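In: please work out how this folds:
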Amino acid sequence: MGFMEDRMVLHQWVLAEYQDVLLSLPDGAVIIDTVGVIAWVNPAALFISGYTTDELLGERVEKLIPERFQLAHLVHRSAYNDHPWPRPMGTSGELAVQHKQGYEVPVQISLIPWQTQE
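Out: Numbers count the residues shown, from 1 in each chain. Purely as a prediction, here's the structure:
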């Protein structure tokens, strides 16, 4: 299965299994694949970021990360993929989402590894 097909399978699986729960979360939820491509977002994440679903799906997660954090994020994501486990991200307290309008929105982020049967 190719890269695009993998993303589509993940997206369909999430929608089939967990859509009601994820859509109702009051906090933003973004699901990315192991290479950092956004596979799913909930309405709260869209509100926080100012983007639409169409503007985020298929984009790199770095689109949501302020430029000053992007290089470090690439390194951290690679290390996390080698040994994924549920944990808070950025315990220093300086995490933000880059809003579509250019300003930063402070956020708290938790990482949860999620594997599908596909």
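
In: so what's the residue nearest to the spatial centre of the chain bridging to?
Out: The chain has Val30 as the residue nearest its centroid, 3.4 Å off, counting by C-alpha atoms, centre = their mean. Applying DSSP bridges to Val30 gives these bridge partners: Val41.

In: separation between the nearest residue to Ile31 once chain neighbours are set aside and Glu17?
Out: Among residues not flanking Ile31 along the chain, Trp40 sits closest, at 4.1 Å (C-beta to C-beta, 6 or more residues apart in numbering). Yep, even glycine has a C-beta here, placed from its N, CA and C like the rest. Trp40 sits 11 Å away from Glu17, going by C-beta to C-beta, to the nearest Å.

In: how about His83?
Out: On the measure of C-beta to C-beta, His83 and Glu17 end up 25 Å apart.

In: of these two, which one has the most company?
Out: Neighbour totals were compared for His83 and Glu17, and Glu17 leads with 12 against 7 (other C-beta atoms under 10 Å).

In: got phi/psi on the more buried one?
Out: phi -90, psi -40 (degrees, to the nearest 10).

In: for it, give me its contacts.
Out: By C-beta atoms under 8 Å, 6 or more residues apart in numbering, the contact set of Glu17 is empty.
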